[in-house]
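*Asks:* coordinates for the following, if possible.
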Amino acid sequence: MAKETALTKAELTALAAVDGTPTQPEMLPEIKSRLIGLYLIERREWPNGPLWRTPKGDHRAKARK
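*Replies:* Sure, this is the predicted structure:
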């Protein structure tokens, strides 16, 4: 099994806040870019739909709790 990429506390907090609703808090662009690049979050509706956690991102967010 591949080792998970380490996330900062700010990245983990931002990942946990992603809930798929239009009212979720804004996150810093560099954090959003990193989480998208790691396939932890995605947009379900392009180009401006709300962010959702991928299954991988959901696993990471739940493991944090």
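
*Asks:* confirm Trp52 sits in a strand?
*Replies:* Yes: under the criterion used here (DSSP: H, G, I helix; E, B strand; the rest coil), Trp52 sits inside a strand.

*Asks:* how about it: what's its closest non-neighbour residue?
*Replies:* Residue nearest to Trp52 in three dimensions, not counting chain neighbours: Gly20, with 4.4 Å by Cβ to Cβ, 6 or more residues apart in numbering. The way it works is simple: take the backbone N, C-alpha and C, and place the C-beta from them, glycine included.

*Asks:* now for that neighbour: which residues touch it?
*Replies:* Contacts for Gly20 were tallied using Cβ atoms under 8 Å, 6 or more residues apart in numbering; they are Arg44, Pro50, Leu51, Trp52, Arg53.

*Asks:* now the first one: how far from Ala61?
*Replies:* Just to be clear, that refers to Arg44. According to Cβ to Cβ, to the nearest Å, Arg44 and Ala61 sit 16 Å apart.
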